[in-house]
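Next input, structure requested:
(chains A and B)
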There are 2 protein chains.
Amino acid sequence: MQSIQIVRAGQDAAAGASLDTPRYIRMHANDNVAIVVNDGGLKAGAVFADGLTLLGAVPQGHKVALSDVRQGEPVTRYNVTIGYAACDIAAGSWVSEANLRMPDALELSGLPIATRAAPVMEPLEGYTFEGYRNADGSVGTRNILAITTTVQCVSGVVDHAVRRIKETLLPLYPNVDDVVGLEHSYGCGVAIEAPGADIPIRTLRNISQNPNFGGQAMVVSLGCEKLQPARLFPKGSIPILNGREPATVCLQDAGHVGFMSMIDSIVATADEQLKVLNARRRETCSAADLVVGVQCGGSDAFSGVTANPAVGYATDLLVRAGATVMFSEVTEVRDGIDQLTSRAADPEVAAAMIREMEWYDAYLKRGGVDRSANTTPGNKAGGLSNIVEKAMGSIVKSGSSAISGVLSPGEKLGARRGLIYAATPASDFICGTLQVAAGMNIHVFTTGRGTPYGLAPVPVIKVATRNDLARRWHDLMDVNAGRIASGEATIEDVGWELFRLMLDVASGRQTWAEHWKLHNALTLFNPAPVT
Amino acid sequence: MQSIQIVRAGQDAAAGASLDTPRYIRMHANDNVAIVVNDGGLKAGAVFADGLTLLGAVPQGHKVALSDVRQGEPVTRYNVTIGYAACDIAAGSWVSEANLRMPDALELSGLPIATRAAPVMEPLEGYTFEGYRNADGSVGTRNILAITTTVQCVSGVVDHAVRRIKETLLPLYPNVDDVVGLEHSYGCGVAIEAPGADIPIRTLRNISQNPNFGGQAMVVSLGCEKLQPARLFPKGSIPILNGREPATVCLQDAGHVGFMSMIDSIVATADEQLKVLNARRRETCSAADLVVGVQCGGSDAFSGVTANPAVGYATDLLVRAGATVMFSEVTEVRDGIDQLTSRAADPEVAAAMIREMEWYDAYLKRGGVDRSANTTPGNKAGGLSNIVEKAMGSIVKSGSSAISGVLSPGEKLGARRGLIYAATPASDFICGTLQVAAGMNIHVFTTGRGTPYGLAPVPVIKVATRNDLARRWHDLMDVNAGRIASGEATIEDVGWELFRLMLDVASGRQTWAEHWKLHNALTLFNPAPVT
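A predicted model of the protein is given here:
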């Protein structure tokens, strides 16, 4: 993304320029469209500083043609063809889904492989946070007791037990932040031997090992479910436990007589875990111990202009500091796969990315759709005409470093470091869940339309793409990247702000989602049938 | 199922017979296997009253060969071939998955269509319960405020609002039983135009109209999601609302400034709904107003011997009383589809059932599996060798009435009455969710291995298949059908007990799951891809 330059016409970046002056943002000098910046959009006849006059009204975030584009000619944004003109489009016209024809998906053969030399970036040293160091070398940013469940059947009982643990035990263990039941809809009534069933199983296995759970894995099982505890956790599959077995409560055990005996078993097991967790203390850790999952949701045309470039800048800072950053969302990188394969650190990484694209292409095709199923009414209302344009704005989160590794859905990061492509669906909660499984300890989520997204296991920093959203959702958005569009801050400013906030949040500072206890349910990716 | 006879050998059904005497149950005079009844199973050398001697140990619920079966010969239970002997099997041997070869699935062409005359059954009159009558003629058994959500994004906010409503508003409205957020993982990040996407959408639409919600549908939407409120509820799609539009709160509305403004909007909207719900009163309704969903989960070999036959008997009583009973679970009727098509009230009903089987066969095939993906480790430990045997025990829940209608997954019952086949996956929570959408107001759930299953929208009556389970889970199981196996009660006894309990629960008596507030999450069936 290092090639992108932001060109502001009709706008003086200096403080004091009127926000009412017609303004657009062009992402690259080669682009023949730009997006309207002004809150509320612009009316026909609005004149930009360079003389361009709008032929009709254009809503905020939507595209205006900077020059005449003839039918069939490419429409270019981010220096990428995001579509072909479906009819002649005059300079000053609104360019939208209605007059754009979407390009075909890029072929997955003949891609540039590891061709683009990664920019030489100075190591960034001396940045630290206060974290909880685990036996396996990972570092938690929170100290949480997680109760893994093998099957949905037990979740009513686990909910009951968690309420009791929070009321009676948690106050005794002030160093423990929370108790979380890892509930889900998997475990039984599913084709557990089908192709793809390994994805939800390893996801659950790896979620239990998230650094924020401190290696005190405990499991509640029903007994007759398909996903038996020994299948979820084969011997030696939990490095963070150092060879110990997870503590397991099985509701169907003959020793359980009456509902309260089940609750008592879970509470007693939790008590043992809480004792150990409560003894943990934060210690100074290098920024290199951060594992950041970046994601966007409720995107608009500003996502790729403000918030995502700022995240991309922070990604570069993190990689320079030795940290790990995962970016994800297959359908939101599919149309830029050539950019990613060229940035691969080596051919194996490029091959792994192509393999993930092929797998997802086939998965979508089996269901009768393709990558174009991604965009939402909100994306389109926000100015994103199609998945190609959305993808270009999404990829920016990855910054400019070389891509040094690839994860399949549900896989654990393991020894991988640096900039990682973690292949996931773009669905916000499935992506977040898979990043939790991969081992993230900080989550960064950008949004243009606005979402109250939150996860129980990992703190989520939310970044608004627009001033208006940041102003209205002032106690839900943690960072306002809208200031980039209004000229009040640069990408670098917001990138650094985000980097420093990540270190603070990693040290214990609460995000807004944590403040309000906004927790969305974990959502497993199960590409296999239910039965 | 009227052809099944239970033959008890080595057991005097009269009270006082020792429970230690070796006993087996044969389901039909033509069967060449029977299941061992005794708690803890029987050892080699055990002799039944008819002289049959066990050649090896056989666990409880597992099958013993009643005569020699030569390799390749059919093994028959329920008068149905549940498999072929994989080797010579001597009388007195344990018959299990290890020495059975599973039959192929029945062909879906050439089936008997509406050939079996429904037994003439006396109408059952004079049975009533106290229910909440709705404008559309449906009757609620509970008085619940449901908050529909269009998308998972809003669920953290809805959770927060529901907590506040329960704390501050619900005490002011003593006639309202509960407030339930209808949360789910659908609504965005899904291929909403893909084949099959209509299933989760109509499921959500119809859940909101469950009779227990009294037609006070309110919706919380994010704003940018794929499943827009107008798509979830097209004009006129909610008969229970009598033409009114559902009350909708959209979090992204420009009027929302700050998190608490969202909570206030939801709480204020809920307050309006609660006022109306609180004015409702129970009134005497005919048993014909019951809509019962029957299901089994955590099945064992006793499911088809005790609990499910008792449910089948109660099903016949309900149908005689003019009520509606839905049975479901495609993979658990697939191997008995010939029994169902022959019981169809007319050829259209049989054709609809065949269509549902074909659809599900194709769905499983697309995922690389078939119906045999259904059975669980617990089923097998409980004596069920394969899906054919499991299905025979499952179908018994449908009793002996003619099948008068068929629902596709997520469809609403509408004007259908009597015995209905509601096609659903067998997954407990997906099946239950789809039965909620169909409009059930009482749920009956049988279990052999034991499950704490519960749903927030509809009371669940749980029936144990075995005495041991009923004894240990005494405050989770509502009915003990295990007494049928031990000779302490007949199928008719337990069937009547269940029928009367349904009327009591419909009138407000709490089930154990309600007592402990055990609520599993609703789980949508989405056969389409995520994006």
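
Need the contact partners of stretch A:262-276.
Under the criterion C-beta atoms under 8 Å, 6 or more residues apart in numbering or on different chains, residues A:145, A:147, A:157-158, A:160-161, A:164-165, A:168-170, A:172-173, A:176, A:179, A:214, A:216, A:218, A:220, A:247, A:249, A:251, A:256, B:452 lie in contact with stretch A:262-276. (Glycine included, C-beta is placed from N, CA and C.)

Spatially, what comes nearest to the residue of the stretch 401-531 of chain A found nearest chain B if we skip its sequence neighbours?
Of all residues in the stretch 401-531 of chain A, residue A:427 sits closest to chain B, at 2.5 Å by C-beta to the nearest C-beta. Nearest residue to residue A:427, sequence neighbours excluded (C-beta to C-beta, 6 or more residues apart in numbering or on different chains): residue B:189, at 2.5 Å.

Near chain B, which residues of the stretch 401-531 of chain A are found?
A:425-430, A:449-454, A:471-476, A:512-513, A:516-521, A:523, A:525, A:527-531 (C-beta under 8 Å from any C-beta of the partner chain).

Drop anything exposed from the contacts of stretch A:262-276.
With burial judged by 16 or more other C-beta atoms under 10 Å in any protein chain shown, the buried subset of the contacts of stretch A:262-276 is A:145, A:147, A:157-158, A:160-161, A:164-165, A:169-170, A:173, A:176, A:179, A:214, A:216, A:218, A:220, A:247, A:249, A:251, A:256, B:452.

Now go through those and say which are in helices.
A:157, A:158, A:160, A:161, A:164 (DSSP state H).

Tell me the one among those residues nearest to chain B.
residue A:157 (5.0 Å).

Quick one: residues contacting the closest residue to chain B within the stretch 351-500 of chain A.
When scored by C-beta to the nearest C-beta, the stretch 351-500 of chain A has residue A:378 as its residue closest to chain B, at 2.0 Å. Applying C-beta under 8 Å, 6+ apart, we find residue A:378 in contact with A:298, A:300, A:449, B:222, B:223, B:224, B:225, B:252.

One more pass at 10 Å, please.
Residue A:378 makes contact with A:297-300, A:384, A:448-451, B:188, B:222-226, B:228, B:252, according to C-beta atoms under 10 Å, 6 or more residues apart in numbering or on different chains.

quick one: the closest residue to residue A:253 other than its chain neighbours and residue A:231, what's the gap?
What sits nearest to residue A:253 in space, not counting adjacent residues and going by C-beta to C-beta, 6+ apart, is residue A:223, at 7.0 Å. Here the criterion is C-beta to C-beta, to the nearest Å. By it, residue A:223 lies 13 Å from residue A:231.

which residues are in contact with both of these two?
Common neighbours of residue A:223 and residue A:231 (C-beta under 10 Å, 6+ apart) are A:150, B:377.

neighbour-wise, which of the two wins?
Neighbours around residue A:223 and residue A:231, counted as other C-beta atoms under 10 Å in any protein chain shown, are more numerous at residue A:223. The numbers are 23 against 14.

Helix, strand or coil: sort out that one for me.
Following DSSP: H, G, I helix; E, B strand; the rest coil, the label given to residue A:223 is coil.

my read: it touches residue A:150, true?
Yes: assessed by C-beta atoms under 10 Å, residue A:223 is found in contact with residue A:150 at 9.2 Å.

if I look at these two, which residues touch both of them?
A:229, A:250.

what's the domain layout of chain A?
As recorded under automatic domain parsing, the domains making up chain A are A:1-104, A:140-278, A:285-515.

Out of the ones you listed, indicate the one that is most buried.
Of all the domains of chain A, domain A:285-515 has the most neighbours on average by mean count of other C-beta atoms under 10 Å in any protein chain shown, namely a mean of 24.

Now find how far off-centre it is within its chain.
How far domain A:285-515 lies from its chain's middle: 4 Å, per C-alpha atoms, centre = their mean, to the nearest Å.
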